[in-house]
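S.K.: kindly generate the corresponding structure for this input.
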Amino acid sequence: MEEELNHLKYTLDKYDEVIDDSKLKLNNLKNIYKNDYDAMLEEKFKLEEQIKSISRAKDTPYFARIDFHSTNNNEICYIGKLGVSDYDNEIITVDWRAPISSLYYDSNVGECSYESPNGIINGELTLKRQYTITNGELINFNDVDTVSNDDLLKPYLSVSADNRLKNIVSTIQSEQNKIIREKLGKNLVIQGVAGSGKTTVALHRIAYLVYNNRNLFKASDYMVIGPNKFFVSYISGILPDLDVNGVSEYTLDELMLKYVDENYIINNSLDKIKNIDTISKFKTSMKMKTEIDKYFENLEVLPNNDFLINGTKILSNGFIRNMYDEINKNTFKSIKSRIDKLILLLNKYITDNIDSILSNLIKNNVDKKVINETKNNINNNLKKYFTIINKNIKDIYIKILKDNNINTSGIKENIIEIEDIPSLMYIKYKLSGSDMFNNYKHIVIDEAQDYGEFNFYVLKKMFKNSTFSIYGDLAQSLYSYRSLDNWECLNDIFENLEILKLNKSYRTTIEIMNEANKINDLLKLDKAVPVIRHGDKVECSNDSLISLIMKLKKLYKTIAIITKTQERANELYEKLKNDINVNLINSDNLNYDSDINILPSYLSKGLEFDSVIIVGKDEFEKNNVIDMKLLYVSMTRALHKLVFALK
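M.R.: Numbering: from 1, shown residues only. Okay, here's the model as predicted:
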């Protein structure tokens, strides 16, 4: 213990030394960079971020140690959230994302190997030690054989919901680590049961890719697409803690509005849980893509008239069409790119032949204004001629919907549903391409089971230089009228797609998961395998709701009261708000900062609470697939305690 206490003190002293050195350099940047202002700003940002990161890491500078002996080296590595070296390049702590750190997650004590940039390194792991350090103080440490030991996980899994992510890097399991460390060039689908750590793996994969490809790409070359604004806000707080700043974060509707660049009000369909809606299913299927393609195949891209300036013919329509037909449509895929290329070619033709064109105009006594326009303003006149490049996306969409006998009244008023999003983005893509997204290298999509096949097709087209990591759980697919029912259909969209499974649930106790697995049995879906963590039996209580809440409040920090519908949640909130401090979650308020929250089942997805009370279990119909999925989602929000309230 004394040796470990001394090492912790040494580490914290070295961290302070690096912070002081960084601050000193920060104060002298003007002298160091003199007139190179851009380089100075870049270094300033880097140093400020480094100071923030190391200051944050001082609470828990490392969580593990490995001793690894290879042919050429004997290495003692203290592994932390952050890799820190001093100004003599002496390593103080090793980043959890470094290649050698994979030994901690994947290897037992004994002979083992890891993949380094220079190839496979073989050797022997002689020590694997795990630490609990809080606020810079060593609480305890254990020598372990493998971090996947379920007993070792128990202390981390038994904490309250708001403390779990603080320790998550130290508890990454081997099957999670495999996904996190997959190469950037792979497309992945991760089917993970409730509580398997999908979102955690998603964020740590981004952090891993940013770190290990930092010499090739910037953090801003990665994007996370989340299910709602709450999620986006949540990851904005988590990624900096993983030493990642600058990753793009959007909901699907935010991304659409940025890309399409037209004003729409998007009806929040979180409340729209239903079994059958053939129109919505059509809009998110590849049939809709076919209809849009058909429209563009028959679209007259070029005007039918000659190119005129003030009524005077400059170029004939036939000449323009011939030049357009010579443009390679495999290279210039969008209409805008082809028209832009055509304008360049026509501009060059007129410039190269300006003398003969002007001579012809003068010979025919054309107005001097036309001559000046031809000579000086040809580019703008050509842009006015090709009206297609200014075509309104909404008008095209309305035309396609009308051709398919679909009501367009909402869209005429610029009001759309979530299921309209892929069509609007695809029309934009067909018209203008997606060059604004060319820099992106990897896209993470969370809660992807709520996307239709057409969504994925459009996103792949938009992010043509990207690979994808797609996370979801088909058992939690609540919007069947607009989403997938299997992952295999994505093989036609993504090259080299690998579908991986996370079947272990780390969130709930065995008792809770066994109850939830009865629904998976009913729906003929993969069952979750709970980690060896026992807790209280799932209860049915006749206590009044107030009594039940007060009883749980003595034992647990966070409590969720989950109902089937928003209407029932609203009712309960009105009854309880004068007696207890409670927060109502609805489509307009997705924050759950309060210790006690009331919310409908479909808004609980992705959240977790120490204890959950489900009110109105009988309202979830056993022969209704959507109802059973709603109940499954509700039950699997509980970390430690689940109660069905009978009153």
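S.K.: pLDDT value on N268, please?
M.R.: If you check N268, the pLDDT there is 65.
S.K.: before we move on, what about N583?
M.R.: Note for N583: predicted pLDDT of 93.
S.K.: now do the longest helix seen in the chain: which elements does it pack against?
M.R.: In the chain, taking DSSP state H as the definition, the longest helix is helix 2-27. Applying 3 or more C-beta pairs under 8 Å, 6 or more residues apart in numbering; DSSP states H and E, we find helix 2-27 packed against helix 37-57, strand 84-85, strand 91-95, strand 137-143. Where you see a C-beta, it was placed from the backbone N, CA and C, and this is true even at glycine.
S.K.: tell me the strands beside the next helix or strand after the longest one, with direction?
M.R.: So the one you mean is helix 37-57. Remark: after helix 37-57, the chain's next helix or strand is strand 64-70, criterion DSSP states H and E. Applying DSSP bridges, strand 64-70 is found paired with strand 74-80 (antiparallel), strand 119-134 (antiparallel).
S.K.: strand 64-70 vs helix 2-27, what angle?
M.R.: On the basis of axes from the mean of the first three to the mean of the last three C-alpha atoms, to 10 degrees, strand 64-70 is oriented at 100 degrees to helix 2-27.
S.K.: roughly how far out does strand 64-70 sit from the chain middle?
M.R.: The chain centre lies 34 Å from the centre of strand 64-70; the measure is C-alpha atoms, centre = their mean, to the nearest Å.
S.K.: in that strand, what counts as buried?
M.R.: 64-66, 68 (16 or more other C-beta atoms under 10 Å).
S.K.: pull out the buried residues from stretch 322-329.
M.R.: Under 16+ other C-beta under 10 Å, the buried positions of stretch 322-329 are Y324.
S.K.: quick one: residues in contact with that stretch.
M.R.: Stretch 322-329 is contacted by residues 301-302, 338, 341-342, 345-346, 349 when judged by C-beta atoms under 8 Å, 6 or more residues apart in numbering.
S.K.: one more pass at 10 Å, please.
M.R.: The contact list for stretch 322-329, computed with C-beta atoms under 10 Å, 6 or more residues apart in numbering, reads 301-302, 315-316, 337-339, 341-342, 345-346, 349, 386.
S.K.: pull out the buried residues from these.
M.R.: Listed as buried from these are 302, 315, 337-339, 341-342, 346, 386; burial here means 16+ other C-beta under 10 Å.
S.K.: below-threshold pLDDT in the stretch 151-300 of the chain: ranges please.
M.R.: 151-168, 268-276 (pLDDT under 70).
S.K.: sorry, back to before: for the strands paired with strand 64-70, could you give me TSV that also reports mean pLDDT?
M.R.: Formatted as TSV, those follow (pLDDT from 0 to 100):
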stretch	mean pLDDT
strand 74-80	94
strand 119-134	93
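S.K.: buried deepest among the helices and strands packed on helix 2-27, which one?
M.R.: Each of the helices and strands packed on helix 2-27 was scored by mean neighbour count; the highest is strand 91-95, a mean of 21, by mean count of other C-beta atoms under 10 Å.
S.K.: export the very next helix or strand once past it to PDB, keeping only CA atoms.
M.R.: For strand 91-95, the following helix or strand on the C-terminal side (DSSP H and E) is helix 102-106. In PDB, the C-alpha atoms belonging to helix 102-106 read as follows (Å, rounded to 0.1, in the frame of the first residue of the first chain):
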ATOM      1  CA  SER A 102      -5.800  -3.600 -24.900                       C
ATOM      2  CA  LEU A 103      -4.000  -6.100 -22.700                       C
ATOM      3  CA  TYR A 104      -5.900  -4.900 -19.700                       C
ATOM      4  CA  TYR A 105      -9.200  -5.400 -21.300                       C
ATOM      5  CA  ASP A 106      -8.600  -8.600 -23.300                       C
END
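S.K.: does anything pack onto helix 102-106? Which helices or strands?
M.R.: Counting contacts by 3 or more C-beta pairs under 10 Å, 6 or more residues apart in numbering; DSSP states H and E, helix 102-106 packs against strand 64-70, strand 74-80, strand 110-116, strand 119-134, helix 174-180.
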